[in-house]
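Trainee: return atomic coordinates for the entry below.
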Amino acid sequence: MHGLLTHASLARIPADDLPLLGRLRAYASVEVRLEGAHAWVRWDEAGFEILRALLPVERAEFFERLDRLWHRCGRSLPAFNLPEDGFLPLASVLTPAPATLIAPDSETLPRVLLALKRCNQPRPASALLCSARALAAWADMATQAELNALQAAQSAELVLLLGERLPALPNAERFWGERLLCPLGWAPDPALPESALIEALQLASHELALLRPGALEIIPRDALQPLTRASARRGAR
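Mentor: Numbering: from 1, shown residues only. Predicted coordinates:
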């Protein structure tokens, strides 16, 4: 990953190979521009992760910016006519296909509705859902140890934080659980062990489920990344 590609921040790859970057959708700075049969990818963070994903791609071209001009990595002459606009966040270009569950025709399965019910049992919070702006304001004042203790995944204006020491943020929702996250003061209905509910939801080993009133969201673990001040600030833009 070092040497010629150390300062790479732009790549041109076949568009068909774009799904190789799926695990990087949580990085707000990773952007894509589609151009016919090719895709331009640019970034300013997660460089190691992107290079690790792109190096196996045949015909991938890597570029770095030197003195305000783009150069192919390892070349001294500038490369012209490279795109500067028209880029979109990777998360909006590369989206998971919707899942459809079909029961066998020969089997009639009873329908069980997963819901929430009020519960007074005290539980420690393991996750927090907050606004990106509130998180950015807190991150500017937080210690490095507090940041290192958290993982984050962002969707639009909301950020999900996981960790044992969660910050006190305004208008935030707190959740308990390990892989099935439920709001504090609530419990799943039916009242089954988390392992049984996870099996019923058919969660893969790399997925979490966020249960809220009237909604259930499946979150891949690789969407969660270590929280930094830079990522918190970018997410609030």
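
Trainee: please, which helix or strand holds the nearest residue to Glu61 once chain neighbours are set aside?
Mentor: Sequence neighbours aside, Arg12 is the residue nearest to Glu61 in space, at 4.5 Å (criterion: C-beta to C-beta, 6 or more residues apart in numbering). Any C-beta I mention is one placed from the backbone N, CA and C, and that applies to glycine too. Here Arg12, judged by DSSP states H and E, is contained in strand 10-14.

Trainee: in the very next helix or strand once past that strand, which residues are buried?
Mentor: As assigned by DSSP H and E, the chain's next helix or strand after strand 10-14 is strand 31-35. Judged by neighbour count (16 or more other C-beta atoms under 10 Å), strand 31-35 contains these buried residues: Glu31, Val32, Arg33.

Trainee: the strand holding Arg12 pairs with which strands?
Mentor: Strand pairing for strand 10-14, determined by DSSP bridges: strand 38-42 (antiparallel), strand 61-66 (antiparallel).

Trainee: which among those is found nearest to Arg123?
Mentor: The closest of the strands paired with strand 10-14 to Arg123 is strand 38-42. By C-beta to C-beta, the value is 41.8 Å.

Trainee: residues touching that closest one, excluding its own?
Mentor: 9-15, 17-18, 21, 30-33, 50, 54, 82-83, 87, 90 (C-beta atoms under 8 Å, 6 or more residues apart in numbering).

Trainee: give me the low-pLDDT residue ranges for the protein?
Mentor: 1-3, 45-46, 96-112 (pLDDT under 70).

Trainee: and the longest helix anywhere in it, what other elements does it pack with?
Mentor: The helix that spans the most residues within the chain, counting by DSSP state H, is helix 132-141. For helix 132-141, the packing partners by 3 or more C-beta pairs under 8 Å, 6 or more residues apart in numbering; DSSP states H and E come out as strand 158-162, helix 229-235.

Trainee: for the buried residues of strand 31-35, could you give me CSV that also reports distance to Leu211?
Mentor: Converted to CSV, those look like this (distance: C-beta to C-beta, whole Å):
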residue, distance to Leu211
Glu31, 32
Val32, 32
Arg33, 37
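
Trainee: all set now, cheers.
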